[in-house]
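Visitor: I would like the atomic coordinates for the input below:
(chains A, B, C and D)
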2 protein chains.
Amino acid sequence: MLPNPDEKLDPRIKRTRSLILTSFESLLAEKGFESISVQDVTDKAQVNRATFYAHFPDKYALLDYSIQKMFMAEIEKRTLNVCSYSEDNLRNLILAVVEFLSRVHTGCAQPHQHFESLIEGTIKKQIFELLSYWLRKSKVPTEIPVTVATWAIYGLASHYSHMKKRPALETFVDEAYPLVAVNLEQFA
Amino acid sequence: MLPNPDEKLDPRIKRTRSLILTSFESLLAEKGFESISVQDVTDKAQVNRATFYAHFPDKYALLDYSIQKMFMAEIEKRTLNVCSYSEDNLRNLILAVVEFLSRVHTGCAQPHQHFESLIEGTIKKQIFELLSYWLRKSKVPTEIPVTVATWAIYGLASHYSHMKKRPALETFVDEAYPLVAVNLEQFA
DNA sequence: TTGAGAATGTTGACTAAGCAACAAAGGAGC
DNA sequence: GCTCCTTTGTTGCTTAGTCAACATTCTCAA
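Guide: Reported below is the predicted structural model:
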């Protein structure tokens, strides 16, 4: 997809960001996002508090960045970032989103509604960009169908991860993805 | 013993030193000391080569520093750094030196004679300081007996770790430590 | 309601780390 | 001998990180 943004940055920048990120993610596993202070993060990262603010405007920006990185890792693991639209890729994308959301819910000590709405936008933006990239060869604008598909995919994943009695993941996805595919296939 | 020197140093300094140290120790486990270049160390540590020279004159100084840290860890693990002379502590010290030397021999991909002579001085200096500390209450100078004991202890450890068919460690030490104790006990 | 303590951002002066370029010394091969 | 290449230290300039101090907002209990 897009070229990796971690090319030839100053090593100190890469190191500091990764220290902050690691610290944040481990804190997220042990307590709720709201109860994490910038001080907590920098203490554990062994980085000065002022340095944090040189990299992120506030802890919400850090959350964004963190979600972005984690989601992108999920996508890259399945090599969905270097391909084009196909039914199979779409199916895998939905699987990826579901698994990612589930992991966030179990891994982070806070499945609260507010938290989820914080990450929702970030994830949808990534899905939107990925789908646009998949349809980059299209002769006509894809904004509308990609928007529809993006929301549908996120909605499916969110729905699944909140279900009391979940069906098998494969079953669920097999049933759902054709409904999304029908809106996209004509642009591939 | 002496107050830890890692009190309130600039965090960047602590971080850099620890990165260099970790990198060096892992390289030492995979290849011989002589074949490790400063470049190798800084590459793995993700630190600039010039930064290395701001901390250490050369790789021999790094080896010293590394041996010092590792040996001190062995001593602190047994709390031998916060006590005074006793037969039992002496026995434990000998055990510590033997185990340390053995670990260096197995852990470092280079049991060469030259390498051992590089670390010998560093270790003996630590033993000397520790024994002096143990006898700090003595009314008379302890330099001579401590010197004798230091060399004897290191010699025993070196001998043991080079033996073809080693006796049980406990047996060996039980037999050996009285010979050292006899020179020290009168100063305790 | 108020007041004490904690968390947030921000600033400016200082210090460490990065970088590129250099001279010099060593090694391996021809 | 000679070259080519690697490693070693060193240097001056740039950039990132640290620190202490400050004003501001938040929170929560007295």
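
Visitor: my read: A:Leu118 touches A:Lys59, true?
Guide: No - assessed by Cβ atoms under 8 Å, A:Leu118 is found out of contact with A:Lys59, at 10.4 Å. The C-beta positions use only the backbone N, C-alpha and C, and glycine is treated the same way.

Visitor: identify the contacts common to those two.
Guide: A:Phe33 (Cβ atoms under 8 Å, 6 or more residues apart in numbering or on different chains).

Visitor: what about the strand or helix carrying A:Leu101, distance to the chain center?
Guide: Element membership of A:Leu101 [criterion: DSSP states H and E] is helix A:87-107. In terms of Cα atoms, centre = their mean, to the nearest Å, the centre of helix A:87-107 is found 9 Å from the chain centre.

Visitor: put the alpha carbons of it into PDB.
Guide: Extracted as PDB, the C-alpha positions of helix A:87-107 are listed here (Å, rounded to 0.1, in the frame of the first residue of the first chain):
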ATOM      1  CA  GLU A  87     -13.900 -11.700  -3.000                       C
ATOM      2  CA  ASP A  88     -11.300 -13.600  -1.200                       C
ATOM      3  CA  ASN A  89      -9.400 -10.600  -0.100                       C
ATOM      4  CA  LEU A  90     -12.600  -8.900   1.100                       C
ATOM      5  CA  ARG A  91     -13.500 -12.000   3.100                       C
ATOM      6  CA  ASN A  92     -10.000 -11.900   4.700                       C
ATOM      7  CA  LEU A  93     -10.300  -8.200   5.400                       C
ATOM      8  CA  ILE A  94     -13.600  -8.700   7.300                       C
ATOM      9  CA  LEU A  95     -11.900 -11.500   9.300                       C
ATOM     10  CA  ALA A  96      -9.000  -9.200  10.100                       C
ATOM     11  CA  VAL A  97     -11.300  -6.500  11.400                       C
ATOM     12  CA  VAL A  98     -13.300  -8.900  13.500                       C
ATOM     13  CA  GLU A  99     -10.200 -10.400  15.000                       C
ATOM     14  CA  PHE A 100      -8.600  -7.100  15.600                       C
ATOM     15  CA  LEU A 101     -11.700  -5.700  17.400                       C
ATOM     16  CA  SER A 102     -12.000  -8.900  19.500                       C
ATOM     17  CA  ARG A 103      -8.400  -8.700  20.500                       C
ATOM     18  CA  VAL A 104      -8.800  -5.100  21.500                       C
ATOM     19  CA  HIS A 105     -11.800  -6.000  23.600                       C
ATOM     20  CA  THR A 106     -10.200  -8.800  25.400                       C
ATOM     21  CA  GLY A 107      -6.700  -7.400  25.600                       C
END
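
Visitor: after it, which helix or strand is next?
Guide: Next element after helix A:87-107 (DSSP H and E): helix A:113-134.

Visitor: show the average pLDDT along whichever helix or strand comes after that following helix.
Guide: Heading C-terminal from helix A:113-134, the first helix or strand you meet, by DSSP H and E, is helix A:143-162. The pLDDT scores in helix A:143-162 average 94.

Visitor: what's in contact with helix A:143-162?
Guide: Contacts of helix A:143-162 (Cβ under 8 Å, 6+ apart): A:93-94, A:97-98, A:100-102, A:105, A:116, A:120, A:123-124, A:127-128, A:131-132, A:135, A:166, A:169, A:172, A:176, A:179-180, A:183-184, A:187.

Visitor: which of these are buried? Put it as a ChimeraX command.
Guide: Typed into ChimeraX, the line below selects the buried ones among the contacts of helix A:143-162, using 16 or more other Cβ atoms under 10 Å in any protein chain shown:
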select /A:93,94,97,98,100,101,116,123,124,127,128,131,132,135,172,176,180,184,187
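
Visitor: sorry, back to before: other SSEs contacting the helix holding A:Leu101?
Guide: helix A:59-77, helix A:113-134, helix A:143-162, helix A:169-184 (3 or more Cβ pairs under 8 Å, 6 or more residues apart in numbering or on different chains; DSSP states H and E).

Visitor: what is the shortest one packed up against?
Guide: Identification of packing neighbours for helix A:169-184 by 3+ Cβ pairs under 8 Å, 6+ apart yields helix A:87-107, helix A:143-162.

Visitor: elements contacting the helix or strand harbouring A:Ile20?
Guide: Using DSSP H and E, A:Ile20 sits within helix A:11-30. Packed against helix A:11-30, as judged by 3+ Cβ pairs under 8 Å, 6+ apart, are the following elements: helix A:38-45, helix A:49-55, helix A:59-77.

Visitor: can you redo these as JSON lines with mean neighbour count, mean pLDDT and distance to DNA strand C?
Guide: Formatted as JSON lines, the helices and strands packed on helix A:11-30 follow (neighbours: other Cβ atoms under 10 Å in any protein chain shown; pLDDT from 0 to 100; distance: least, Cβ to the nearest atom of the strand, whole Å):
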{"stretch": "helix A:38-45", "mean neighbour count": "17", "mean pLDDT": "97", "distance to DNA strand C": "4"}
{"stretch": "helix A:49-55", "mean neighbour count": "13", "mean pLDDT": "97", "distance to DNA strand C": "4"}
{"stretch": "helix A:59-77", "mean neighbour count": "16", "mean pLDDT": "96", "distance to DNA strand C": "6"}
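
Visitor: what residues go with each domain of chain A?
Guide: A:11-56, A:62-187 (automatic domain parsing).

Visitor: among those domains, which is nearest B:Val82?
Guide: domain A:11-56 (26.8 Å; Cβ to Cβ).

Visitor: mind checking the end-to-end distance for that closest one?
Guide: From its first residue to its last, domain A:11-56 covers 17 Å (Cα to Cα, to the nearest Å).

Visitor: again with stretch A:156-167
Guide: With Cα to Cα, one end of stretch A:156-167 sits 13 Å from the other.

Visitor: go on, stretch A:101-116?
Guide: The first-to-last residue distance of stretch A:101-116 comes to 9 Å (Cα to Cα).

Visitor: no further questions, thank you.
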